[in-house]
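Engineer: Dropping a prediction and its sequence here:
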Amino acid sequence: MAVSVLAILLASCALAVASFDKEFDITWGDGRGKILNNGQVLTLGLDKVSGSGFQSKHEYLFGKIDMQLKLVPGNSAGTVTAYYLSSQGPTHDEIDFEFLGNVTGEPYTLHTNVFTQGQGQREQQFRLWFDATNDFHTYSILWNPKHIIFMVDDMPIRDFKNLEGKGIAFPKNQPMRLYSSLWNADDWATQGGRVKTDWSHAPFSASYRGFKADACVVTAAGRPRCGSSVGTEVAPGTGAAGEWYNQELDLTRQQRMRWVQSNYMIYNYCTDPKRVAKGLPAECSM
Ligand SMILES: *[C@@H]1O[C@H](CO)[C@@H](O)[C@H](O)[C@H]1NC(C)=O
């Protein structure tokens, strides 16, 4: 009896998006980060004194993680909204989205990077095909044993493949937490640091909603349990973890990604002449 009631509760909860109170801690910013509307919305703030940030309560080892963000509107020059997965320590793994603000009317830059065992410098940057400040848009990370796929409103923009067979490290052993922060980076962020933050527009604010994690969560005992953030749990690799666990881009989605990359990519570490001169990382030629 008790068991079936619980099962019904879990099944109905699985349809809802997770609440920010249950999934995240605001870790810094002295009140500039807030959880609102019964846990349905989170906002981060930045003023001259401080930015703010939050992190997930859980650590993940693979997952499909969706979050809707609405970025700092108007003159956001100098501000950076970082949204990323990261493990700890000197040989950490990291999967990054960073949104670099701009002066009013000029486009944001979406910066992406992947660190494997402490080694990053795999930057790809994009323009967005919409105004990321007047509405929420979904930014997703699909991280499974074979791929790290970055998506914007379900449109794949980057696919970092597991090429361990060719001697290239891939994140797969270190659990990662989800982090986000809004901070001042006017020494480099906007137009190479030439445009500074205009504090007369402060406080700056970015909003989050619609967090959804179909992921393997590492339990206190150190064992990953997979499933939706509020649903049933299964052991990883059993197939029941979810379609995402074995997902890769089909031909149609590969074509879409190529379309985004040829129209909206503005920087690629694999074609940077300065990097080419020094010798490119091995994955660039694969
Ligand atoms: C800001 O706008 C300028 C001019 O359009 C552009 O060159 C730059 O890449 C944009 N983004 C950032 C973060 O500077």
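Structural biologist: Received it, and whenever you're ready, just let me know what you need. Numbering: from 1, shown residues only.

Engineer: dump the residue contacts of the spatially most central residue of the chain.
Structural biologist: Using C-alpha atoms, centre = their mean, the residue of the chain that lies closest to the mean C-alpha position is residue 84, 4.1 Å off. Contacts for residue 84 (C-beta atoms under 8 Å, 6 or more residues apart in numbering) come out as 94-98, 178-180. C-betas here are computed from N, CA, C, even on glycine.

Engineer: what is it paired to in the beta sheet?
Structural biologist: On the basis of DSSP bridges, residue 84 takes part in beta bridges with residue 96, residue 179.

Engineer: same question, residue 158
Structural biologist: On the basis of DSSP bridges, residue 158 is bridged to residue 150.

Engineer: Repeat that for residue 26.
Structural biologist: Following DSSP bridges, residue 26 is listed with bridge partners residue 54.

Engineer: In this structure it contacts residue 53, no?
Structural biologist: Yes. Using C-beta atoms under 8 Å, residue 26 makes contact with residue 53 at a distance of 7.4 Å.

Engineer: Where do the helices of the stretch 151-286 of the chain begin and end?
Structural biologist: Per DSSP state H, counting those that start in this stretch, the stretch 151-286 of the chain has helices spanning 251-264, 273-278. These are given in chain order.

Engineer: Would you mind putting those into TSV with distance to the ligand and mean neighbour count alongside?
Structural biologist: Shown next, in TSV, are the helices of the stretch 151-286 of the chain (distance: least, C-beta to the nearest ligand atom, whole Å; neighbours: other C-beta atoms under 10 Å):
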stretch	distance to the ligand	mean neighbour count
helix 251-264	12	13
helix 273-278	17	9
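
Engineer: returning to that earlier point: now do the shared contacts for residue 26 and residue 53.
Structural biologist: Both residue 26 and residue 53 are contacted by residue 33, under the criterion C-beta under 8 Å, 6+ apart.

Engineer: wait, what's in contact with residue 274?
Structural biologist: By C-beta under 8 Å, 6+ apart, residue 274 has no neighbours at all.

Engineer: neighbours of residue 30, just the number please.
Structural biologist: Residue 30 is surrounded by 10 other residues when neighbours are defined as other C-beta atoms under 10 Å.

Engineer: Tell me who's in contact with it.
Structural biologist: Residues in contact with residue 30 (C-beta under 8 Å, 6+ apart) are 50, 52.

Engineer: same thing but at 10 Å, please
Structural biologist: By C-beta atoms under 10 Å, 6 or more residues apart in numbering, the contact set of residue 30 is 45, 49-50, 52.

Engineer: looking at those residues, which has the most residues close by?
Structural biologist: When neighbours are counted as other C-beta under 10 Å, the busiest of the contacts of residue 30 turns out to be residue 52, with 25 neighbours.

Engineer: okay, residue 5: pLDDT?
Structural biologist: We note a pLDDT of 45 for residue 5 in this prediction.

Engineer: who's in contact with the nearest residue to residue 127 once chain neighbours are set aside?
Structural biologist: In this structure, residue 127 finds its nearest non-sequential neighbour in residue 264, 4.8 Å apart by C-beta to C-beta, 6 or more residues apart in numbering. In this structure, residue 264 makes contact with 107, 110, 125-129, 152, 155, 157, judged by C-beta under 10 Å, 6+ apart.

Engineer: For residue 143, the count of nearby residues, please.
Structural biologist: For residue 143, the count of nearby residues is 26 (other C-beta under 10 Å).

Engineer: Could you find the closest non-adjacent residue to it?
Structural biologist: On the basis of C-beta to C-beta, 6+ apart, the spatially nearest residue to residue 143 that is not a chain neighbour turns out to be residue 62, at 5.4 Å.

Engineer: Name the SS class of that neighbour, please.
Structural biologist: Per DSSP: H, G, I helix; E, B strand; the rest coil, the secondary structure class of residue 62 is strand.

Engineer: Wait, it touches residue 174, no?
Structural biologist: No. Residue 62 sits out of contact with residue 174 when judged by C-beta atoms under 10 Å, with a separation of 11.3 Å.
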